[in-house]
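*Asks:* Here's a sequence, model it:
(chains A and B)
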There are 2 protein chains.
Amino acid sequence: MAVNNDDVKLIGAWASPYVMRPRVALNIKSVDYEFLQEQFGSKSELLLKSNPVHKKIPVLLHNGKPICESSIIVEYIDEVWSSSPSILPSDPHNRALARFWAAYLDEKWFPNMKGVITAASEEEKNAAVDQLKMEGAYGEVSRGEDFFGGEKIGFVDIAFGSMLGWARAIQVMAGVKLLDEEKTPGLVKWAEKFSADPAVKDVLPEAEKLVEFSKLLSAKFKTAAASS
Amino acid sequence: MAVNNDDVKLIGAWASPYVMRPRVALNIKSVDYEFLQEQFGSKSELLLKSNPVHKKIPVLLHNGKPICESSIIVEYIDEVWSSSPSILPSDPHNRALARFWAAYLDEKWFPNMKGVITAASEEEKNAAVDQLKMEGAYGEVSRGEDFFGGEKIGFVDIAFGSMLGWARAIQVMAGVKLLDEEKTPGLVKWAEKFSADPAVKDVLPEAEKLVEFSKLLSAKFKTAAASS
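*Replies:* Numbers count the residues shown, from 1 in each chain, chains lettered A, B, ... in the order given. As a prediction, this is how the structure comes out:
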C-alpha cells in the first residue's frame, strides 16, 4: 500500500548497486515511485540537468526536486517519510556507528571487492578479501539480531546488501567467495535473510544476469577499443 | 558558558583540517572538551584503541564512547546537543543539499586543492583550480545570507572552512589563490566572515604556522628518505 501522493521518480539502472539503495529504502517506506532507467553508454538530459556536478545515478526526484548520492538519498527518504519504519537508529551513537560502517563500505570494502577481480595474483586476491572487516562489524552492530539494523533492515544493511548481487557475480567470475561459511558465518546468514526480505527480493539483481551483463560490457569495451 | 557535565575528549592535532571540524562544532554548541593532541609520526594507544579500523584523527570520546570520521562526528554533536544552535538545516531537502556539498568537498575539492601543489605545469594547476565549484554552491545554498548555513555557520561552512588555513598556506607556498576576488567574490567575503566567527577564530590555524609546519614535515621526510 502506497503512503504517498507525491511525485516520486528515481533515475537509475537495474544493475547498479548504488541505485538499489534508494529502491530498497522506498520499498521499506511503501513509497510508490516511477523508475526511469538510463541506457548504458549514454546519459539522459534529465540526468545531466538533475545531477550536473557528478552526472551519476541514482538521482531521486521528489516533486521535481533532485537529491543525489545514494546514501544521502536513503537518509532523505528516512527523514521525509518518517512515520514509517525507520532506517537510521534513533540513538545518536548508534546513528554515528551506522554512518561509520556505511562510509567504510564505500571507501574500503567496495574498492577491495573490485580488487578481487583485478588482482594479479592469488596473494593479492587473498589480501583484498582479508581486508573485509564486515563480519566483525555485523557482530558489533547487530547485537545478536538478524540485521545490522536489529530486527529490521537498516542503514548498513541497505548500504552493504546493495552489493550482494555483485558479490555473488564475482564468485562466479573470479571463483572467490566474498562471504564464506567458515570465515564469515554471520554474514552468510545475514545475506540470506536480507535477500529474502520483501523490500529487497524484487530489486536485488540475480548473479547470473550480472555475469551476462558483465560479459556484454566487456565485449562492448573490446569492440570500442578495436575500432578506435 | 559550557552546557555539558559530560566527559568529552577530542583526539586530534592542531594542524589537521579534519580535526578542526568537530572543534568548531563543539564551540558552536558551547561544549567544554579536553583536546588530546597526537604527536606527528606516532599514534597513541588511545587512538589505536578508539579507531581500530582507520587509526586516524579526529576521534571524539563522549563519556568514553568513541565516534570517528569528521563529518560523522559533527552530525553526532548536532544530534546530542540538539537544543543549542543547530548545524544541519531542519528541512530534509536542505539537509540533503548540505550533505551533498560536504561530501563533494571531501571527494573532489580537497583532492583538487592538493593537486594544485603537486601540479607539474601551469595548465595542470589551473585545471585543478578551475574544477572548484564552491562559488556556485555558495550562491545556491546561502540564498543571499552570509553563510552556507544561512545567518549562522552550518554543516557546509564547517566542512569547507576547515580547509581555509591550508588554502591560505597553499597560496603562500604555490602562489595560487584558491579564493580569488574576481573568480570567487562570494567565497572571499564568506571566508572573512567565517574566520572571524567566535566559534572559529581560536581553532583556525594561521597560514604562516602551517607553512612552517609543512617545511618541517618536508625536512623530516627528506631525512627519513636519506637514511633508509
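
*Asks:* And the lowest-mean-pLDDT helix or strand in chain A, what's buried?
*Replies:* Sorting the helices and strands of chain A by mean pLDDT, DSSP states H and E puts helix A:122-130 at the bottom, at a mean of 76. Under the neighbour-count criterion of 16 or more other C-beta atoms under 10 Å in any protein chain shown, helix A:122-130 has A:125, A:128-129 buried. For glycine as for every other residue, the C-beta is placed from the backbone atoms N, C-alpha and C.

*Asks:* for stretch A:34-41, same thing?
*Replies:* Across stretch A:34-41, burial judged by 16+ other C-beta under 10 Å covers A:36, A:38.

*Asks:* Next, count neighbours for A:Pro52.
*Replies:* With neighbours defined by other C-beta atoms under 10 Å in any protein chain shown, the count for A:Pro52 comes to 12.

*Asks:* so what's the residue minimising distance to the centre of chain A up against?
*Replies:* The centre of chain A sits closest to A:Ser162, judged by C-alpha atoms, centre = their mean, with a distance of 2.4 Å. Applying C-beta atoms under 8 Å, 6 or more residues apart in numbering or on different chains, we find A:Ser162 in contact with A:17-18, A:20-21, A:24, A:70.

*Asks:* how about the nearest residue to A:Glu151, chain neighbours excluded?
*Replies:* Distances taken as C-beta to C-beta, 6 or more residues apart in numbering or on different chains place A:Glu145 nearest to A:Glu151, at 5.4 Å, with adjacent residues excluded.

*Asks:* Would you agree that neighbour falls within a strand?
*Replies:* No: A:Glu145 is assigned coil when assessed by DSSP: H, G, I helix; E, B strand; the rest coil, not a strand.

*Asks:* rewinding a little: pick the one among the buried residues of helix A:122-130 closest to B:Leu97.
*Replies:* A:Ala128 (35.2 Å; C-beta to C-beta).

*Asks:* any idea how far the closest one is from A:Leu216?
*Replies:* 25 Å (C-beta to C-beta, to the nearest Å).

*Asks:* A:Ala15 is in contact with A:Leu210, isn't it?
*Replies:* Yes: with contact defined as C-beta atoms under 8 Å, A:Ala15 and A:Leu210 form a contacting pair (6.2 Å).

*Asks:* follow-up on the earlier one: as TSV, the contacts of A:Ser162 with distance to chain B, secondary structure and pLDDT would be great.
*Replies:* Below are the contacts of A:Ser162 laid out as TSV (distance: C-beta to the nearest C-beta, whole Å; DSSP: H, G, I helix; E, B strand; the rest coil; pLDDT from 0 to 100):
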residue	distance to chain B	secondary structure	pLDDT
A:Pro17	18	helix	95
A:Tyr18	13	helix	97
A:Met20	19	helix	98
A:Arg21	14	helix	98
A:Val24	18	helix	98
A:Ser70	11	helix	98
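
*Asks:* Now list the buried members of the residues you listed.
*Replies:* Among those, the ones that count as buried by 16+ other C-beta under 10 Å are A:17-18, A:20-21, A:24, A:70.

*Asks:* between the residues you listed, which is closest to A:Thr223?
*Replies:* A:Pro17 (25.3 Å).

*Asks:* Which residues are in contact with that closest one?
*Replies:* A:110, A:162-163, A:165-166.

*Asks:* excluding its backbone neighbours, what's nearest it?
*Replies:* The shortest distance from A:Pro17 to any non-neighbouring residue, by C-beta to C-beta, 6+ apart, is to A:Ser162 (4.2 Å).

*Asks:* neighbour count winner among A:Ala15 and A:Leu210?
*Replies:* Per other C-beta under 10 Å, whichever of A:Ala15 and A:Leu210 has more neighbours is A:Leu210, with 21 against 18.

*Asks:* Go ahead and confirm that one touches A:Trp14.
*Replies:* No: counting by C-beta under 8 Å, A:Leu210 sits too far from A:Trp14 to count as a contact (9.6 Å).

*Asks:* Could you report the separation of A:Gly150 from chain B?
*Replies:* According to C-beta to the nearest C-beta, to the nearest Å, A:Gly150 and chain B sit 18 Å apart.

*Asks:* ok, how many other residues are close to A:Val176?
*Replies:* Here the number of neighbours of A:Val176 (other C-beta under 10 Å) works out to 19.

*Asks:* for it, helix, strand, or coil?
*Replies:* What three-state DSSP gives for A:Val176 is coil.

*Asks:* Could you verify my assumption that it touches A:Val129?
*Replies:* Yes: between A:Val176 and A:Val129 there is a contact under C-beta under 8 Å: 6.3 Å.

*Asks:* Identify the contacts common to those two.
*Replies:* With C-beta under 8 Å, 6+ apart, A:Val176 and A:Val129 have common neighbours A:Val116.

*Asks:* Mind giving me the packing neighbours of the host helix or strand of A:His93?
*Replies:* A:His93 is part of helix A:92-104, with elements assigned from DSSP states H and E. Contacts defined by 3 or more C-beta pairs under 8 Å, 6 or more residues apart in numbering or on different chains; DSSP states H and E place helix A:92-104 against helix A:134-142, helix A:155-161, strand B:65-68, helix B:70-80.

*Asks:* Make CSV out of the ones you listed and add distance to B:Ala226.
*Replies:* Below are the helices and strands packed on helix A:92-104 laid out as CSV (distance: least, C-beta to C-beta, whole Å):
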stretch, distance to B:Ala226
helix A:134-142, 40
helix A:155-161, 45
strand B:65-68, 35
helix B:70-80, 34
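
*Asks:* Tell me which of the ones you listed lies nearest to A:Val74.
*Replies:* helix A:155-161 (5.9 Å).

*Asks:* any residue of that closest one up close to chain B?
*Replies:* No: figure legend: helix A:155-161 not in contact with chain B (C-beta under 8 Å from any C-beta of the partner chain); closest approach 12.0 Å.

*Asks:* Can you list the low-confidence ranges for chain A?
*Replies:* Scanning chain A for pLDDT under 70 picks out the ranges A:1-4, A:131, A:225, A:227-228.

*Asks:* who's in contact with stretch A:104-124?
*Replies:* Here stretch A:104-124 makes contact (C-beta under 8 Å, 6+ apart) with A:17, A:71, A:125, A:127-129, A:131-134, A:137, A:156, A:159-160, A:163, A:166-167, A:170, A:173-174, A:176, A:178, B:53.
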